[in-house]
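Enquirer: Provided below for reference: sequence and predicted model.
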Amino acid sequence: METILKEGLIALRLDTAAIPKLTEFSRLLLEKNKVMNLTAITAPKDVATLHLLDSAYLLTLADFAGKSVVDVGTGAGFPGMPMGILCRDASLTLLDSLGKRIDFLRDAAAALKLENISCVHARAEEFAAEHRENYDVAVSRAVAALPVLSELALPLVKTDGLFLAMKSVDSDGEIDAARGAIGQLGGRIERIDDYAVPCTDIRHRVVVIRKVRPTPAQFPRAFAKIKKSPLK
């Protein structure tokens, strides 16, 4: 794993000094995964590429130093945990609605002495009520459709901030369907970045959304409404 991480981080021009902590987080993840369903990816090489290096790619898209970042629907800690390990100057909030996941991430952050990472058990639409437009950047690798993700994430982002949504390369239809929703929420798609996951032939995508004006106060709605009637 260390060799793959070194090769990938050098390719991304990121700090290889973080490899020991990335490796230890992987060990903690796979150990916990024996008793709790955190990831279907368990081969060390795949954890290194498809989790750690894939997450690290986001750090090449903007300057994160001194920035506040929220990971919406972090799950097992991706992309937020690797980002926080690699960019200690950024402040990361890992947000998830499942308490057991957050308990694991809190324990992992404490074990790794990651003081720049906070782990919060909350639903994104409820969290937004007290943290509206508090973050420079929102990131997400959650599986929800982009209109839903945008309504959960964009209210948390400051005007002129970014929402980086990780998607598959076959998401053209989903992206087109989300443009109206993104506009209603105060965002604009700035670019679509297709990239090769380092040390693999796999291609993924990041939809880069700029927050161009404040999100109207009625958003986000209750999650039941978001899910039943996504914005168009």
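Expert: Structure's in. What do you need? Numbering: from 1, shown residues only.
Enquirer: longest strand in this structure, please.
Expert: strand 157-168 (DSSP state E).
Enquirer: packing partners for the next helix or strand after it?
Expert: Next in sequence after strand 157-168, counting helices and strands by DSSP states H and E, comes helix 172-184. Packed against helix 172-184 by the contact rule (3 or more Cβ pairs under 8 Å, 6 or more residues apart in numbering; DSSP states H and E) you find helix 146-153, strand 187-196. C-beta: built from backbone N, CA, C; applies to glycine.
Enquirer: now those as CSV including mean neighbour count?
Expert: Below are those laid out as CSV (neighbours: other Cβ atoms under 10 Å):
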stretch, mean neighbour count
helix 146-153, 27
strand 187-196, 15
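Enquirer: and of those, who's closest to D96?
Expert: D96 sits nearest to helix 146-153 of all the helices and strands packed on helix 172-184, at 11.7 Å, using Cβ to Cβ.
Enquirer: contacts for the closest one, please.
Expert: The contact list for helix 146-153, computed with Cβ atoms under 8 Å, 6 or more residues apart in numbering, reads 70, 72-73, 124-125, 128, 138, 140, 142, 144, 163, 165, 167, 171, 174-175, 177-178, 181-182, 185, 187, 207, 209, 219-221, 226-227, 230-232.
Enquirer: what's the answer for stretch 157-167, then?
Expert: 54, 58, 61-62, 79, 133-141, 146, 149-150, 153-154, 174-175, 186-187, 190, 204-214.
Enquirer: let me see the contact set for E24.
Expert: Applying Cβ under 8 Å, 6+ apart, we find E24 in contact with A111, L112.
Enquirer: distance of it relative to A18?
Expert: Distance, E24 to A18, using Cβ to Cβ, to the nearest Å: 10 Å.
Enquirer: do the same with T49
Expert: Per Cβ to Cβ, T49 is found 16 Å from A18.
Enquirer: quick one, helices of the chain?
Expert: All helices of the chain, identified by DSSP state H, fall at 2-12, 19-33, 44-46, 54-56, 80-86, 99-111, 124-127, 146-153, 172-184, 223-228.
Enquirer: show me the one of the ones you listed that comes nearest P198.
Expert: helix 2-12 (3.5 Å).
Enquirer: report the buried residues of that closest one.
Expert: Using 16 or more other Cβ atoms under 10 Å as the test for burial, helix 2-12 gives I4, L5, E7, G8, L9, L12.
Enquirer: export the helices and strands packed on helix 172-184 as TSV, with columns for mean pLDDT.
Expert: Below are the helices and strands packed on helix 172-184 laid out as TSV (pLDDT from 0 to 100):
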stretch	mean pLDDT
helix 146-153	96
strand 187-196	98
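Enquirer: need those in TSV with distance to L86, can you?
Expert: Formatted as TSV, the helices and strands packed on helix 172-184 follow (distance: least, Cβ to Cβ, whole Å):
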stretch	distance to L86
helix 146-153	21
strand 187-196	16
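Enquirer: quick one on the thing from earlier: which of the buried residues of helix 2-12 sits closest to C119?
Expert: Nearest to C119 among these is L5, at 22.9 Å by Cβ to Cβ.
Enquirer: what about the residue lying closest to H51 once chain neighbours are set aside, distance to A165?
Expert: Excluding the flanking residues, the one nearest H51 by Cβ to Cβ, 6 or more residues apart in numbering is F78, at 5.5 Å. Going from F78 to A165 by Cβ to Cβ gives 13 Å.
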